[in-house]
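In: show me the folded form of this:
(chains A and B)
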Amino acid sequence: MNKKLSLKNAGTFLVFGGPSIFAFAAVVIIPFIVGLYLTFTNWDVRTGDSSLIGFSNYLEVFRDKVFLQQLWFTLKYVFFTVVIANVFAFFIALALTRGGRGEQWLRTGFFTPNLVGGIVLGYLWQTLFSQVLPYLGNKYGWELFQTSWLTNTGTAFWALIIATAWQLIGYLMIIYIAGFTGVPNDVLEAASIDGAGRTSVIRRIILPLTVPAIVICIFISLSRSFLTYDINLALTKGGPFNSTELATYHIVQKAFLSNQYGVGQAEAVVLFAVVALIALTQSYLLKKLEVES
Amino acid sequence: MKLRKAASFAIALTVVTGLLAGCSKGNSANGAVKEEKGETPAAEQAAKDVKLTFFNTSAEVNTVFEELFKKYHEQNPQVTIELIPTPIGGAQLEKFQSLLASGNPATIVNLDAGTILQYKDDFLDLEPEKAKYEALTNPGAIDGALLDGQFLGIPWTAQGYGLLYNKRAVEEGIGGAFDPASVKTRDDLEAVFKKIEASGKAPVMLHGADWSLGAHYLGLTYSLQSQKVEDNRKFVEELKNGQVKLTENPQFTGLMDTFDLLKKYNARKSDPLVADYNRDSADFAKGAAAFYFMGDWSWAVIGTLEGRDTDFGILPLPVSNNPEDFGNTQVAYSEPKLFAIDDSKSTPEQQEAAKAFIEWMVSSEDGQKAIISDMGLSMPYKDLKAQSTNIMSNAVSEYVKQGNIINIGVINYLPQDYWAKTGAAMQKYLVGNIDRQGLAQEVQDYWKSYAGK
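Out: The predicted structure is shown next:
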C-alpha cells in the first residue's frame, strides 16, 4: 500500500516537475558540467583538438592581471549598482504605495525599462551620453556634460551604473511594493496613533518587516549586475581602451576573440564562485534580521 | 460547477493537443532533413532542393545580399539561400565560432581572410576552381587572396584606405586649387593643415575606434616594413620574439610622428574617443573637416547622404619627410573579405550549389551590379558590367593601376585580437594617457604574449 502510494507520488511528481527538471538540466546543469570539464582541457574550436591539461587554466586565471583588475572593477560596479538601484527602488515603491492618483501609471512607467532589452537600452544610453548630453552641455555651458561620459574611464564607470540601475529599479520596485503590502495595516495604524513620525515608521516598522523583500532584491540585483554583459557591450564596448570591461565581457573576449576557451571558461568558473559566495553570504546574514509582525 | 469542470477539461485538452501538434511538427521537420540527405528513396523530388546558409560579416550590406539571394532563387528555384546576419562592428566572430562549435556551420561564409586562414581545416580547398578565377580577375588578385599558398576563399571586393579628402573643403581652406600630388611629405601635409586651420575649418577627422587606430593606422607599421608580405610576416615574428625595438624602427616612428600631426589638427580634439562612425563620416562629407583617415568603404555611409559634397579623393598617408620613402606615394590596399565554403558539415550537393552561386554572384550582371552599384564596393574583376558610383574607390583604383599600393596582406596572418588590444594602446596614446615610449612598450608586450604561437 505504502509502496504503491510513493510510486504514485513519484509519477505525479514526474508529470508536473519532469518538464522543468528536464529544461533546467538541459540549459543549466549539463552546460555547467561540460563547462567545468572544458576548464581542464586546452580545447580549440579552430582545430577541434582537446587534451586534458589539469589545473593550468586556473593558474593562468590568477596570472591574468587584467582579469583580476577587471574582477575588482566589477566588484566596485556591483557594489554601487546594488546600493543605488535598491535605495531608489525602495523609496519609489514607498512613494507609490501611499494611494495617490496615477500610481498605476507611474508604476508601469518605472517598470518599462525592464522590458527593454539590454542591448537596445545600451544603445539608447550611448546616444544620450555621447550625443545628446554633450550637445546640451556645449549649448548651455554645463561643464559636466561637455565631453562624452563614455570616453573617460571614471565617467564611463558611472554611465554603466546609471544605465544598469535604471533598468533594475523597476523590477526591484515591484518586489518592494509587494513587500510593503505585506506590512499589516493595524501595526501602522497603531504606530500613527502612538504618534510615530514618518521616518520612524519607516525605520522601526516598515524596514524590519520588509527584510524578506530586501533579501530577494539584493540577491537579484547582485546576481544580475555581476552578470551584466549586454549593457556593457552596447554602451561602452569595454572602452575607452578596455578600461570598463566587466568580468563577463572580459571572459567573452578571452574565449572568442583571443581563442583561449579553457582560460575563459576557468575565469567564468571563478566568477561563478565569487558571485555564489557573495550572494549566499548576504542572504544568510540578512535573513537573521527577519522579524515577525 | 459542472460547467467549470468541463471548461477546465477543454482547456487541458487544447493544451495537450497543442503540445502533440508541436511534437509532430518537429517530427516532420526531421523527416525533411532526412529526405534532403537522400536517405528516403521515395523523396526523389525533394532531393534536388538545396538549402544554403550564408554567414555575412559585411553587415552594412545585409539587405543587398538578401535581394541577391531572392534573385538567384527566382532563376534557380531549387536553391534556397538564407542569410545569417551579424551586427555591424558587433560580435561577428563570436557568432561564427558558436555556429561552428555547435556543429551547425554556414555553407558559405563571407569572412576576413585572416579568419578563414585560422579555420582553414573547416573550409573547402578551391584549388580546382583556381584557373577559372584567375581568368576572371585582375592580374595578381588571386595571388593576393592565397592563404599560406592555398586557395581557400574567393575574393570579391577590394578596399583601399589613406587620407580621404573633401575637395571643396580643402580648396576653401587653402584658398585655391588643390593638387593631391603636391603632398608628398609630412611637412607638405602640415602646411596644408595649417592653412585650413587658419581659415577656421577643422583640418582632419581622426576616427577614434580601436579598429581604425589599431588595425588601419598602427597596422601600417607591419605593412610598411617591405613591399613583400613574407618580409612583413618575418618582422611580426621578430616582434613576438622581442627582437624589435619599435622606438628604433623608422616606419613606426615615422607613422607616429604623422599621428601626432593628425592628433594636433584633429576635428575631434576635445573628445577624440567618441568614435561615432556615421557622424564622423557625415561631418567629413559635409565639409566640417577637410581630411579623414578612413577608406573607400565609407562611401556606403557618404554616398546616400543628403546635403553632402560631391568631390572626394584620396591621398597616401605621408610617413616621413623624404618623398622617396615607401608609403608616401602609396595607398593601403587589400582584398579584405573572401567567400569560402564549409567543408566540415556541408553535403557535396550543397558545396556544388555554393560554388555555382558564388560564381554567379561575382560574374553575372545581377551580381556585379549589386556589389558595385548597390554596395558601392570595387571588385578586383575584369570586364565589369557595372559602373561604380563610389568616387573614393575610383580614386583608389588609380593608385592600383599605377602599382602604387601598400600590400597589407600581412594582417591575414595576425592573431584575431590584435586590433582590439593594440587599438586600446593607441586610444591611450591619443588621449595622452601614455607617451610614445609607453605605447611602444604596450604594443611590444602584446606581441611578446604571442611568442612561439
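
In: so what's the residue of the stretch 1-150 of chain A found nearest chain B up against?
Out: Scanning the stretch 1-150 of chain A for the residue nearest chain B gives A:T147, at 4.1 Å (criterion: C-beta to the nearest C-beta). C-betas here are computed from N, CA, C, even on glycine. Contacts for A:T147 (C-beta atoms under 8 Å, 6 or more residues apart in numbering or on different chains) come out as A:P134, A:G137, B:S270, B:D271.

In: filter these to the buried ones?
Out: The neighbour-count criterion (16 or more other C-beta atoms under 10 Å in any protein chain shown) marks A:P134, A:G137, B:D271 among these as buried.

In: ok, how many other residues are close to the residue lying closest to the first one once chain neighbours are set aside?
Out: Read that as A:P134. Using C-beta to C-beta, 6 or more residues apart in numbering or on different chains and skipping residues adjacent in sequence, the residue nearest A:P134 is A:S148, 5.5 Å away. For A:S148, the count of nearby residues is 25 (other C-beta atoms under 10 Å in any protein chain shown).

In: and the gap between A:S148 and B:S281?
Out: 18 Å (C-beta to C-beta, to the nearest Å).

In: likewise A:A268?
Out: 37 Å.

In: and the most centrally placed residue in chain A, how far from A:A255?
Out: With distances taken as C-alpha atoms, centre = their mean, A:R224 lies nearest the centre of chain A, 1.7 Å away. Distance of A:R224 to A:A255, computed by C-beta to C-beta: 22 Å.

In: the residue of the stretch 1-150 of chain B found nearest chain A sits in which helix or strand?
Out: Residue nearest to chain A within the stretch 1-150 of chain B: B:E94 (4.2 Å; C-beta to the nearest C-beta). B:E94 is located in helix B:92-101, with elements delineated by DSSP states H and E.

In: same question for that helix, mean pLDDT?
Out: Here helix B:92-101 scores 84 as its mean pLDDT.

In: which residues touch it?
Out: A:45, A:252, A:256-257, B:55, B:57, B:59, B:84, B:86, B:105-106, B:109, B:111, B:115, B:119, B:122, B:344, B:416.

In: near chain A, which residues of the stretch 51-200 of chain B are found?
Out: When proximity is defined as C-beta under 8 Å from any C-beta of the partner chain, the stretch 51-200 of chain B approaches chain A at B:G90, B:A91, B:L93, B:E94, B:Q97, B:L100, B:A101, B:Q118, B:Y119, B:D121, B:D122.

In: in space, what's closest to the residue nearest to the centre of chain A - neighbours in sequence excluded?
Out: A:L168 (6.4 Å).

In: and what of A:A93?
Out: A:Y176 (3.5 Å).

In: residue ranges with poor pLDDT in the stretch 151-300 of chain B?
Out: Judged by pLDDT under 70, the stretch 151-300 of chain B has no weakly predicted residues.

In: show me the helices in it, by range?
Out: Along the stretch 151-300 of chain B, counting by DSSP state H, counting those that start in this stretch, helices occupy B:167-174, B:186-198, B:210, B:220-223, B:229-240, B:250-264, B:277-285, B:299-302.

In: what's the longest one packed up against?
Out: It stands for helix B:250-264. Counting contacts by 3 or more C-beta pairs under 8 Å, 6 or more residues apart in numbering or on different chains; DSSP states H and E, helix B:250-264 is packed against helix B:186-198, helix B:220-223, helix B:436-448.

In: quick one, the first one and helix B:250-264 angle?
Out: This points to helix B:186-198. Inter-element angle recorded for helix B:186-198 and helix B:250-264: 10 degrees (by axes from the mean of the first three to the mean of the last three C-alpha atoms, to 10 degrees).

In: now the angle from helix B:186-198 to helix B:167-174?
Out: Between helix B:186-198 and helix B:167-174, the angle comes out at 80 degrees (the same axes, to 10 degrees).

In: and helix B:186-198, what does it pack onto?
Out: The contact analysis (3+ C-beta pairs under 8 Å, 6+ apart) places helix B:186-198 against helix B:167-174, strand B:202-205, helix B:250-264.

In: pick the most buried one from those.
Out: Most buried of the helices and strands packed on helix B:186-198, by mean neighbour count (mean count of other C-beta atoms under 10 Å in any protein chain shown): strand B:202-205, with a mean of 25.

In: mind giving me the packing neighbours of that strand?
Out: helix B:186-198, helix B:277-285, strand B:289-295.

In: and if we set it to 6 Å?
Out: helix B:186-198, strand B:289-295 (3 or more C-beta pairs under 6 Å, 6 or more residues apart in numbering or on different chains; DSSP states H and E).

In: determine the number of other residues adjacent to residue 155.
Out: All of this is about chain A. Neighbours of A:T155 using other C-beta under 10 Å come to 17.

In: that's the other chain; I wanted chain B
Out: That count, for B:P155 with other C-beta under 10 Å as the rule, works out to 24.

In: let's have the contacts of A:T147 in a markdown table, adding distance to B:G254.
Out: A markdown table is the format used below for those (distance: C-beta to C-beta, whole Å):
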| residue | distance to B:G254 |
| --- | --- |
| A:P134 | 34 |
| A:G137 | 38 |
| B:S270 | 27 |
| B:D271 | 27 |
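
In: could you dump stretch B:123-139 to CSV, C-alpha only?
Out: C-alpha atoms of stretch B:123-139 as CSV (Å, rounded to 0.1, in the frame of the first residue of the first chain):
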residue,chain,number,x,y,z
PHE,B,123,36.9,25.1,-45.5
LEU,B,124,36.8,23.6,-48.9
ASP,B,125,40.1,23.7,-50.9
LEU,B,126,39.2,25.6,-54.1
GLU,B,127,42.3,24.6,-56.0
PRO,B,128,40.2,23.1,-58.9
GLU,B,129,38.5,26.4,-59.3
LYS,B,130,41.7,28.5,-59.3
ALA,B,131,42.3,28.6,-63.0
LYS,B,132,38.8,29.8,-63.7
TYR,B,133,39.0,32.6,-61.2
GLU,B,134,42.4,33.7,-62.5
ALA,B,135,40.9,34.2,-65.8
LEU,B,136,38.0,36.2,-64.3
THR,B,137,40.0,38.6,-62.1
ASN,B,138,42.6,41.3,-62.4
PRO,B,139,46.2,40.1,-62.5
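
In: please identify the buried residues of it?
Out: B:F123, B:L124, B:L126, B:E129, B:K130, B:Y133, B:L136, B:T137, B:N138.

In: same question for stretch A:106-125.
Out: In stretch A:106-125, counting by 16+ other C-beta under 10 Å, buried: A:R107, A:F110, A:P113, A:N114, A:G118, A:I119, A:L121, A:G122, A:L124, A:W125.

In: quick check: closest non-adjacent residue to A:V201.
Out: For A:V201, the spatially nearest residue (C-beta to C-beta, 6+ apart) is A:A191, at 5.4 Å.

In: so that neighbour sits against A:I202, correct?
Out: No: look at A:A191 against A:I202 with C-beta atoms under 6 Å: they stay out of range, at 10.5 Å.

In: what does the stretch 101-250 of chain A put close to chain B?
Out: Within the stretch 101-250 of chain A, the residues that sit near chain B (C-beta under 6 Å from any C-beta of the partner chain) are A:S130, A:T147, A:S148, A:T151, A:P240, A:F241, A:N242.

In: let me see the contact set for the third one.
Out: Applying C-beta atoms under 6 Å, 6 or more residues apart in numbering or on different chains to A:S148 gives the contacts A:F129, A:S130, A:P134, B:D271, B:V274.

In: what pLDDT does it get?
Out: With respect to pLDDT, A:S148 scores 81.

In: equivalent analysis for the fourth one, please.
Out: Note on A:T151: pLDDT of 82.

In: the residue nearest to it when sequence neighbours are not counted: neighbouring residues, count only.
Out: Leaving aside its chain neighbours, A:T151 sits nearest to B:L273 (3.7 Å; criterion: C-beta to C-beta, 6+ apart). When neighbours are defined as other C-beta under 10 Å, B:L273 has 24 of them.
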